[in-house]
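In: Sequence and predicted structure below; questions after.
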Amino acid sequence: MATEYLSITWDQLQADARRLARALMGAPPVKGILAVARGGLIPAAIIARELNIRRVKTIAVESYEGPRAESRGVVRVLEQPFLEEEGAGYLIIDDLVDTGETAHVVRELFPKATFACLYAKPLGRSRADYHVREVGQDIWVLFPWDMAPAFSPPLIETAK
Ligand SMILES: O=P(O)(O)OC[C@H]1O[C@H](OP(=O)(O)OP(=O)(O)O)[C@H](O)[C@@H]1O
């Protein structure tokens, strides 16, 4: 169960995606990007721009809560593209590896692709070839698309 939040702003997300793009410049040439929807869509768009990659595909996945706290349960692939040569030359992009289940399932489908994400928690970290920031397993990462500005009343008023 998450005990703490890490709020990522749009600016921070873009900066982290650029850091990842910079790290990927040392990787073998990229034929195309496979974005893991939905969390990987925006990071993939930023990285595609930075690396000047025009061929961007998506894989749609969803996962169900597992019975154990550390398990996110079954990851189901709803739609997947065809990638030649088991994904060789493709860069799979996601926002986060948490338990690593999603990365595991996607990597099984495209074993020759490179997997990169912005943030990695300890349980899933080894599933990613690249990540830019480590996050504690109990931290809940709040992405900019998960948040909206809202009025917060002064503390003294909420204490009444
Ligand atoms: O390593 P895991 O434990 O598998 O978790 C990581 C996955 O969880 C998030 O997706 P989520 O299931 O929240 O779906 P969404 O991106 O479509 O909101 C994230 O975008 C990753 O794809």
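Out: That came through, no problem.
In: average pLDDT across stretch 17-26?
Out: When pLDDT is averaged over stretch 17-26, the result is 96.
In: what's the answer for stretch 140-155, then?
Out: Mean predicted lDDT for stretch 140-155 stands at 95.
In: Please point out which parts of it sit buried.
Out: Neighbour-count burial for stretch 140-155, counted by 16 or more other Cβ atoms under 10 Å, picks out 141, 143. Yep, even glycine has a C-beta here, placed from its N, CA and C like the rest.
In: ok, now stretch 103-116?
Out: In stretch 103-116, counting by 16+ other Cβ under 10 Å, buried: 103, 105-107, 109-110, 113-116.
In: So which of those residues is the closest to the ligand?
Out: residue 103 (5.9 Å; Cβ to the nearest ligand atom).
In: excluding its backbone neighbours, what's nearest the closest residue to the ligand within the chain?
Out: In the chain, the residue that lies nearest the ligand is residue 39 (2.4 Å; Cβ to the nearest ligand atom). In space, and not counting its chain neighbours, residue 39 is closest to residue 95: 3.7 Å by Cβ to Cβ, 6 or more residues apart in numbering.
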